[in-house]
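Q: build me a model from this:
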Amino acid sequence: MLRDEPQYRLLFGSQVLSILGDRVTMVALPFAVLASGGRVGDVALVSAAQFLPFVVLALPAGVWADRLDRKRILVASDALRLLCQLVAAALLLTDHAHIAHLAVIAAVYGAADAFFAPAFSGLLPTTVAPANIQPANALRGLSFSVGSILGPVIAGLLIAFAGGPGGALLFDAATFAVSIALLLPLRRRVVSAGLAQEDPVATTDHFWTSLREGWGAVRSRSWVLAFLGGIAAYHVVVLPAIFVIGPVLMERDLDGARSWAVVVACFGIGSVLGDLLFLRWRPRHALRVASLMLVGASCQAAFIGSGLGTWGIGGLELLAGVCVTGAFTLWETSLGEHIPAGSLSRVSSYDYLTSSGMIPLGNLLAGIVSASFGLQPTLVAMTVVGVGASLVVASLPSVRGLPRGTAS
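A: Residues are numbered from 1 along each chain as shown. Here you go, the predicted model:
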C-alpha cells in the first residue's frame, strides 16, 4: 500500500500544492495575455513559448536525468520556476507586463519544466515497490485532477479579489517553495528485483552514446512508437482546443473566465473519478484500455465546440477527464513496468517531446487556422483528425496485445 511508502509520500506531497498552483496559472495566464492587450494569436504565442523548450531540451534532459541525481534536478527546476512566477507576478501587479515579457518568462519556465518531467518519471518508480507503480501513477494523476477542480476556483477568486492574474501567479510561486521544502529530505528507494532490471549500458558517461541508447530503447518496442504517435496527434491536433480556442470561445460567446473555470473544473471532476477508478482497477491489458480512452480524449475539440452552454460543455468535459487521466495513467504504468529503470528517463523524454514538445506547433497552427477559417470549422477539423489518429493506435496488435509487466 502507498501509505507504507515514505519516500513516495514526500515526492507526492511535494507536488500537490505545486500542481494546484500550475492549475491556477492555466486559467490565469491566457487572461493575463488578454488583459495586456493581446488577442487569440498572442494567447497562442505565449502558450507556445512555454512549451517550445521541450522541442530542444526534452531529449538531453532525459539523458541527464538518467546520469545525474534526479532529486537535484527536481529541486533546481522548482527553484527556477518559482523565480519566473515571481517576476511575472511583479510585472502584472505593477501594470508593466507586455506580451513580450510574458512570452520570455513562459519560455524560461518551460525550459525548467522540460528538465523536471523526465527526472520525475524516472524517480517515481524508485520510490515505491514494483506492485505499487500503477497506484502511484493513479495517485499522482489524482493530484492533477483535484488541482484541476480547485485551481480554477482559486484562480477565479484571486483574479477577482487579489490583483488579477498577477495575484494568481504569485500564488503559484509560493507553491514551488513548498515543493522544494518537501523534496530536500527525499531519498531514493533501492530498486527491487521485481521491477524491470537496470540496463548495464545505460550508465555510460558518453552523452551521444547514451542518447542513441535511449532511442534504441524506444525503437525496439513497437507499442512505444505507436502510442507516442497517438500522443503526438492528441497534443498537436486536439489539445489546442483547450489551450487556445476554448478561452477565446468562452470570452466571445459565454461568460469569459467564469465559464472557462466551470468547464476546467468539470474536467477535473472527471479526472478524479478516473483516478479513483484506476487506484483499484488493474486491467489485464493496460495499454489496450489506454488506447480506447485516448479515443474518448480526442473528442475534446468537439466538446468545446458543441454550443451546449457552460454546463453542457462542462458535462462533456467531465467524461473527457475520465478518458484523459485513464489514458495517461495506464500509459505511464506500462512504461514503468516494461522499460528498464536505467533507461526510463530517456524513454520518458520522448514521451514529453511528443506531448509537451508538440504543443507549441499545435497552438501556433490553431491560432493561424482559427484566424483564417473561424473557430468552429477549426474545432471540426481537430475532431476528425484527432479521433482518426487515436483509432489507428487502438487497432494495432502491439498496443492491444501488450500484457502487464512483471510489476503488475
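Q: which stretch of helix or strand covers the residue lying closest to residue 59 once chain neighbours are set aside?
A: Spatial nearest neighbour of residue 59, excluding adjacent residues (Cβ to Cβ, 6 or more residues apart in numbering): residue 349 at 5.2 Å. From N, CA and C alone the C-beta is placed, and that goes for glycine too. Assigned by DSSP states H and E, residue 349 belongs to helix 344-354.
Q: need the CA coordinates for that helix. CSV is fine.
A: The C-alpha trace of helix 344-354 is given here as CSV (Å, rounded to 0.1, in the frame of the first residue of the first chain):
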residue,chain,number,x,y,z
LEU,A,344,13.2,5.2,-18.1
SER,A,345,14.0,8.9,-18.1
ARG,A,346,15.3,8.8,-21.6
VAL,A,347,12.3,6.9,-22.9
SER,A,348,10.0,9.3,-20.9
SER,A,349,11.8,12.2,-22.6
TYR,A,350,10.4,11.0,-25.9
ASP,A,351,7.0,11.0,-24.3
TYR,A,352,7.4,14.6,-23.2
LEU,A,353,8.9,15.5,-26.6
THR,A,354,5.8,14.2,-28.4
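Q: from the contact counts, what lies against that helix?
A: helix 53-67, helix 99-123, helix 207-219, helix 222-233, helix 309-338 (3 or more Cβ pairs under 8 Å, 6 or more residues apart in numbering; DSSP states H and E).
Q: tell me which of those lies nearest to residue 371.
A: Closest approach to residue 371 among the helices and strands packed on helix 344-354 is made by helix 99-123 (16.1 Å; Cβ to Cβ).
Q: what angle sits between that closest one and helix 207-219?
A: Interaxial angle of helix 99-123 relative to helix 207-219 (axes from the mean of the first three to the mean of the last three Cα atoms, to 10 degrees): 70 degrees.
Q: how far does helix 99-123 sit from its chain's centre?
A: Centroid separation between helix 99-123 and its chain, computed with Cα atoms, centre = their mean, to the nearest Å, is 12 Å.
Q: phi and psi next, for residue 254.
A: In terms of degrees, to the nearest 10, the main-chain angles of residue 254 are phi -130, psi -130.
Q: give me the distance between it and residue 240.
A: Distance, residue 254 to residue 240, by Cβ to Cβ, to the nearest Å: 19 Å.
Q: per-residue pLDDT, residue 323?
A: On pLDDT, residue 323 comes in at 93.
Q: any weak-confidence spans in this structure?
A: By pLDDT under 70, the low-scoring segments of the chain are 1-4, 40, 130-131, 148, 188-208, 341, 356-357, 405-408.
Q: so which residues of the stretch 51-200 of the chain form helices?
A: With DSSP state H, counting those that start in this stretch, the ranges of helices along the stretch 51-200 of the chain come out as 53-67, 70-93, 99-123, 133-161, 165-183.
Q: can you give me the buried ones in the helix or strand hosting residue 390?
A: Per DSSP H and E, residue 390 falls inside helix 375-395. Within helix 375-395, the residues scored as buried using 16 or more other Cβ atoms under 10 Å are 375, 378-379, 381-383, 385-387, 389-390, 393-394.
Q: related to what we said a few turns ago, who has more neighbours, residue 254 and residue 240?
A: The residue with more neighbours, out of residue 254 and residue 240, is residue 240; 29 against 15, by other Cβ atoms under 10 Å.
Q: quick revisit: turn the helices of the stretch 51-200 of the chain into a markdown table, including mean neighbour count.
A: Listed next are those as a markdown table, based on neighbours: other Cβ atoms under 10 Å:
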| stretch | mean neighbour count |
| --- | --- |
| helix 53-67 | 22 |
| helix 70-93 | 21 |
| helix 99-123 | 23 |
| helix 133-161 | 22 |
| helix 165-183 | 22 |
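Q: please tabulate those helices in TSV, including the columns distance to residue 398.
A: Shown next, in TSV, are the helices of the stretch 51-200 of the chain (distance: least, Cβ to Cβ, whole Å):
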stretch	distance to residue 398
helix 53-67	22
helix 70-93	29
helix 99-123	21
helix 133-161	20
helix 165-183	36
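Q: re the thing from before, to residue 266, which of the helices and strands packed on helix 344-354 lies closest?
A: Nearest to residue 266, of all the helices and strands packed on helix 344-354, is helix 309-338, at 3.4 Å by Cβ to Cβ.
Q: can you give me the end-to-end distance of stretch 214-234?
A: By Cα to Cα, to the nearest Å, the extent of stretch 214-234 from end to end equals 23 Å.
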